[in-house]
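Trainee: Build the 3D model from these lines:
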Amino acid sequence: MSTHRGWRLLIATWLVIGLGTVGTLGWLAWQGPLPEPARAEAEAPETVPDAGQTPAASHPAAALLSEPPPLAAVERAAASSGHAIAAPDPSLLEDGPHGPLPMIGPGGRSSIRAYARPFDRQDRRPRVGLVIGGLGLNAALTEEAIRRLPGGVTLAFSPYAPRPGPLLDQARAKGMELLVALPMEPTGYPLNNPGDRALLTGLPMTENQDRLDWVLSRFAGYVGVIGAHGPMRGERFALLGDRLGMVQQALHGRGLLYIDPRPNARGPERAWGRTVDLVVDEPATRGEIELRLQMLERLARERGSALGYGGEASPVLVERVAAWATGLEERGLVLAPVSVLIRPPEGMAQPLPARARAE
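Mentor: As a prediction, this is how the structure comes out:
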């Protein structure tokens, strides 16, 4: 009897459980599916702040530690501010042996003015300019430099850059003036080799002219040339005054400026331009870069303007320049593009074309 009673209790228990389960499932079906908050949150698109927005932070240092805004947002902000630089103008180009070459356009219009960053020339604060070289060969590093550096910094692109077009467009959208780096025979050549298109002391004038045409035709939309390729500053070639003069005169005839990367060298004699006052990344250590940027500020206060050159766009150089430029105006100086700092040719009385002066 006890055995039969046990079986009846077991069967009754399972009937109760089964009926409860069916009832629960029926209630759930009537209520509809449960929400999925975790899944919805994971699939939501990431919201990126615009360039002008300040990220919320509980600590003052959070803004300094946050990632820089996306490059597209930086480009939009620059374009809306009116600082974006125009795309290459076909009326300022002519056919050359290796591709389009800059030329002075109708009415004397020149690249120096057409591709210059807008600047308030009534601003009487000491002006500091900075050219950063070694760009275009490493696309990721170049894009990071464009993203982080202020628009007043001038960028020098290598003529050997494989696909500079998109990078140049990004720099123009941010309002950054462009130079083409001109490889010339440096100290220590051939151990220090500026590439197979460099201007050399042992080549005939016609060959060097052909190489200059090749360099100038690699891309368009730049204000001029700097006689350096990265940290190699063409010292040997520059010692031959007639050859350097040929380069400057050719640039002048094409409406381009020339920046001499050798501190304390005489200013360009046959082209509008300037000599840099200081190289800021030799050696390229954090402490030395900071020290030289301070020296550049001091020179600007003493002389009214100063131009620095960073030969290699290394991560430490980009990071230090970006941090330094943040407080520049608070220290009573203004960051100026290179086109604002140029001077007339020291060995020529010929000014810029009339329309270029007016602009």
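
Trainee: Strands of this structure, start to end?
Mentor: Listed in chain order, the strands of the chain (DSSP state E) span 93-94, 101-102, 127-135, 154-157, 178-181, 224-226, 257-260, 273-275, 278-279, 305-310, 334-335.

Trainee: what about stretch 126-144, how long is it end to end?
Mentor: 28 Å (CA to CA, to the nearest Å).

Trainee: so what's residue 232 bridging to?
Mentor: Under DSSP bridges, the beta-bridge partners of residue 232 are residue 229.

Trainee: Could you pull up the residues touching it?
Mentor: Residues in contact with residue 232 (CB atoms under 8 Å, 6 or more residues apart in numbering) are 183, 186, 192, 194, 311. C-beta coordinates here come from the backbone N, C-alpha and C atoms, glycine included.

Trainee: May I see those organised as TSV, with neighbour count, distance to residue 240 and pLDDT added?
Mentor: Listed next are the contacts of residue 232 as TSV, based on neighbours: other CB atoms under 10 Å; distance: CB to CB, whole Å; pLDDT from 0 to 100:
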residue	neighbour count	distance to residue 240	pLDDT
183	25	15	98
186	24	13	98
192	15	17	95
194	25	16	97
311	25	22	96
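
Trainee: which one of these sits closest to residue 129?
Mentor: Distances from residue 129 to those, taken as CB to CB, are shortest for residue 311 (15.2 Å).

Trainee: Quick check, pLDDT for the nearest residue to that closest one once chain neighbours are set aside.
Mentor: In this structure, residue 311 finds its nearest non-sequential neighbour in residue 231, 3.8 Å apart by CB to CB, 6 or more residues apart in numbering. Residue 231 carries a pLDDT value of 95.

Trainee: And for residue 30?
Mentor: 40.

Trainee: ditto for residue 298
Mentor: Per-residue pLDDT puts residue 298 at 98.

Trainee: what's the neighbour count on it?
Mentor: Neighbourhood size, residue 298 [other CB atoms under 10 Å]: 13.

Trainee: residue contacts, it?
Mentor: With contact set as CB under 8 Å, 6+ apart, residue 298 has no partners.

Trainee: Let me know the distance separating it from residue 278.
Mentor: 10 Å (CB to CB, to the nearest Å).
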